[in-house]
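> Here is my input, please return the structure:
(2 chains)
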Amino acid sequence: GQQLNQSPQSMFIQEGEDVSMNCTSSSIFNTWLWYKQDPGEGPVLLIALYKAGELTSNGRLTAQFGITRKDSFLNISASIPSDVGIYFCAGQLGAAGNKLTFGGGTRVLVKP
Amino acid sequence: EAGVVQSPRYKIIEKKQPVAFWCNPISGHNTLYWYRQNLGQGPELLIRYENEEAVDDSQLPKDRFSAERLKGVDSTLKIQPAELGDSAVYLCASRGFWQGQGAQYFGPGTRLLVL
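Residues are numbered from 1 along each chain as shown, chains lettered A, B, ... in the order given. As a prediction, this is how the structure comes out:
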């Protein structure tokens, strides 16, 4: 079946740093989404991408839908402590409303 | 706008006991999803409803899991009997037909521990 690989699996950030993570798939998707999940909560939608090559920003977050439709990346600029959490990419294929296929997540932690 | 509501937030039961989870989607959202999230992994779909019809239940373990959405609004997911491997977070999500592809909104989840 479809699998999404996220990298890195975990990363440490220092306040003010820019961070980057990506997601690759063995097959194409029509839609890419990025979610953030805090401990004890459900995933919260950050950015949705609907066209290959699309670059979309949401505040300090920027995400791109890869040209091949098999990858996406998320950048966070000038990180702050509340950026800590787990970031999931998700892909969707076919009709609107179809299931999302999630990656394993990138855990963002604060440098000690 | 109120988000997706789920209850209970936490549940601890012994194996072989039944358990039920409840979800109230965002008002007006006709599509409702139940996902299961195992520890350290991303969510995986169990079942998807369009109004009151289950249109994708291929990943639902039907021997012990059941779900219903009788009036096309609230939904209940049941496990009977529960097994140790059912310990996970059960997430409900919803989507309105007018929204862009993929824009699914998640509730806080029910954290189930089976002892």
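> Remind me which helix or strand the residue nearest the centre of chain B belongs to.
With distances taken as CA atoms, centre = their mean, residue B:34 lies nearest the centre of chain B, 2.9 Å away. Element membership for residue B:34, per DSSP states H and E: strand B:31-37.
> for the closest residue to chain B within chain A, what are its contacts?
Distances between chain A and chain B by CB to the nearest CB are smallest at residue A:102, namely 2.9 Å. From N, CA and C alone the C-beta is placed, and that goes for glycine too. Applying CB atoms under 8 Å, 6 or more residues apart in numbering or on different chains to residue A:102 gives the contacts A:4, A:88, A:89, A:90, B:41, B:42, B:43, B:44.
> The residue nearest to the centre of chain B and residue B:26: what is the separation?
Distance of residue B:34 to residue B:26, given as CB to CB, to the nearest Å: 15 Å.
> cool, residue A:43 as well?
With CB to CB as the criterion, residue A:43 and residue B:26 are 15 Å apart.
> cool, and residue B:73?
Plainly put, residue B:73 is 10 Å away from residue B:26 if you go by CB to CB.
> And for residue A:54?
Counting by CB to CB, the gap from residue A:54 to residue B:26 is 25 Å.
> for residue B:114, same thing?
From residue B:114 over to residue B:26 the distance is 29 Å, taken as CB to CB.
> and what of residue A:3?
29 Å.
> Those two: who's more crowded?
Per other CB atoms under 10 Å in any protein chain shown, whichever of residue A:3 and residue B:26 has more neighbours is residue B:26, with 17 against 12.
> Test my guess that the more buried one contacts residue B:94.
Yes: checked against CB atoms under 8 Å, the pair residue B:26 and residue B:94 is within contact range at 5.1 Å.
> Identify the contacts common to those two.
Contacts common to residue B:26 and residue B:94, judged by CB under 8 Å, 6+ apart, are B:4, B:105.
> Can I have the buried ones of the contacts of residue A:102 as a ChimeraX selection?
Only the buried entries of the contacts of residue A:102 go into this ChimeraX selection, using 16 or more other CB atoms under 10 Å in any protein chain shown:
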select /A:4,88,89,90 /B:42,43,44
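> For chain B, what lies in contact range of chain A?
B:4, B:6, B:31, B:33, B:40-45, B:48, B:50, B:56, B:91, B:93, B:95, B:97, B:100-109, B:111 (CB under 8 Å from any CB of the partner chain).
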